[in-house]
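1. attaching a predicted model along with its sequence, questions to come.
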Amino acid sequence: MTDPVEALRNGKPIVMPFDTVYGLAADPFREEPTRRLYELKGRDQTEPSALVACDFDHLLECVPEIDGRAMSLARLLLPGPVTLVLPNPARRFRWLTGTNPEAIGVRVPDFDGPGAEVLARVGALVATSANHPGGPDPKRLDEVSEDIREGAGAVVEGGELPGSPSTVIDLSGMKPRILRDGALPAEEALRRLGAAVRSG
């Protein structure tokens with residue numbers, strides 16, 4: 001069986017469990033692996049994908065321009081089942097930011113098991129759900145399309161997952177905006193952010 005980290009280093013996307021659903025992941029530091037991920041998923045290159053870091057400190061190493069306000073808000077929600085859209089003034093990781101390089105989606109999952117082990121070994125990934133556009137989010141490995149599993153460089157089994165995708169929150173403007181309700185209820189996310197936003 002191919003080691004998933006070896007597959008990632010060879011530029012191949014892998015299927016692996018996250019804290020929410022099964023995802024397609026690739027090396028985020030090079031453009032070609034991200035393009036391969038998009039091709040396997042059938043996703044348009046104009047769509048953004050998330051940069052997923054093993055912990056908050058590593059996220060700051062990847063995107064050091066995250067400013068005080070965005071950092072303070074992000075710490076209220078990360079780690080957790082959320083994707084945060086943050087300002088990206090240095091336009092880092094342009095191949096995964098879609099049509100808006102001034103913003104970047106980031107995640108720091110709160111999980112353990114085989115998926116967490118892979119992420120800890122590489123530090124960061126580009127990731128999206130392991131489905132075709134518009135398809136259901138897979139909570140079990142056998143729900144991932146056969147062509148995606150066969151096209152991946154490695155497949156990591158992680159049992160049954162919660163099955164709700166991450167909640168997507170845009171923190172790049174003056175007020176938080178919920179772009180997708182998901183694993184963390186929008187009301188709870190806004191409650192956590194509320195006091196900081198009001199005081200800021």
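-> Done, it's in. Numbers count the residues shown, from 1 in each chain.

2. how about the closest residue to residue 152 other than its chain neighbours, secondary structure?
-> With sequence-adjacent residues excluded and distances taken as Cβ to Cβ, 6 or more residues apart in numbering, residue 152 is closest to residue 15, at 4.7 Å. Every C-beta, even on glycine, is put in place using the N, C-alpha and C of the backbone. Under DSSP: H, G, I helix; E, B strand; the rest coil, the three-state class of residue 15 is strand.

3. residue 15 and residue 147 touch, don't they?
-> No. The pair residue 15 / residue 147 is not scored as a contact, 11.4 Å apart, by Cβ atoms under 8 Å.

4. okay, those two: which has more neighbours?
-> In this view residue 15 and residue 147 are compared by other Cβ atoms under 10 Å, and residue 15 has more residues nearby, 25 against 11.

5. in terms of pLDDT, where does the more buried one sit?
-> Note for residue 15: predicted pLDDT of 98.

6. let me see the contact set for it.
-> Contact partners of residue 15, counting by Cβ atoms under 8 Å, 6 or more residues apart in numbering, are 22-25, 130, 141, 144, 148-149, 152, 154-156.

7. just the ones in strands from these, please.
-> If you go by DSSP state E, those have 22, 23, 24, 25, 154, 155 in strands.
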